[in-house]
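J.: Sequence and computational prediction follow.
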Amino acid sequence: MKLLLLLALLSGGEGVSDRSVAGRVGGSVTLTCRYDMKDHKPLSVCWNRGDIPLRKCDNELIATDGLSVREDSRRSSRYQLLGRLDRGDVSLTILKVTEWDAGRYGCRVDIPGWFNDEKHHFDLTVDSDPQTTTSVTSETSTLQTTVTHTAGHMNATETVPTSSFSSIIRCVMFGLLVLVTAGGVVVLVRKWMRLHKV
């Protein structure tokens, strides 16, 4: 009993947080992990698949030595740390998400001292519907493309018109200019005909 109480007190010293994150097959998802650079120098960080153990990462996906990724730690090129490491942003981005990526992940920030490490756990769910690009064709061949934004921990998708929309605007404006010009020419021709009594 005393041993369990001691273990609970010791493990309670580490900061632990849990979050749920959603991703989609074929897209990318970012698991946000940051530490405060004001309080610390650049710190070592490791990302673990599954729960974070008592020490280090036992199922390491990728890790840093403080300011750069340790290439010997990268399990796959699909795992990227795209944030500013020099500002404490050690968020993990998983590219080309598959159904097998669903599950538990952990970010461990190695803070010097006993039981000071920050632990952040993420439970990733993956939607099996693949991300698709939407195309809409009309008489003027207007195309639409899908743009993916990473908002917090989840990808959001919206449809945005491509530059062909501005081409349509230009065509309409040109058509209006032609009509106005043609109308002006007709007025001038009528005046000329009246003056010359044609």
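T.: Sure thing, it's come through.
J.: For the nearest residue to residue 70 once chain neighbours are set aside, the count of nearby residues, please.
T.: Nearest non-adjacent residue to residue 70, counting by C-beta to C-beta, 6 or more residues apart in numbering: residue 63, 4.9 Å away. Heads up, the C-betas are built off the backbone N, CA and C, glycines and all. Neighbouring residues of residue 63 were enumerated by other C-beta atoms under 10 Å; the total is 22.
J.: Point me to the helix or strand that includes residue 63.
T.: According to DSSP states H and E, residue 63 maps onto strand 60-64.
J.: tell me which strands and helices that strand is in contact with?
T.: For strand 60-64, the elements it packs on are strand 45-49, strand 79-81, judged by 3 or more C-beta pairs under 8 Å, 6 or more residues apart in numbering; DSSP states H and E.
J.: Any chance you could list what contacts that strand?
T.: Identification of contacts with strand 60-64 by C-beta atoms under 8 Å, 6 or more residues apart in numbering yields 44-49, 57, 69-70, 73-76, 79-81, 85, 90, 92, 105.
J.: Between strand 45-49 and it, find me the angle.
T.: Put simply, strand 60-64 runs at 170 degrees to strand 45-49, going by axes from the mean of the first three to the mean of the last three C-alpha atoms, to 10 degrees.
J.: Run through the strands of this structure in chain order.
T.: 15-24, 29-31, 45-49, 60-64, 79-81, 92-94, 103-109, 118-127, 144-151, 154-161 (DSSP state E).
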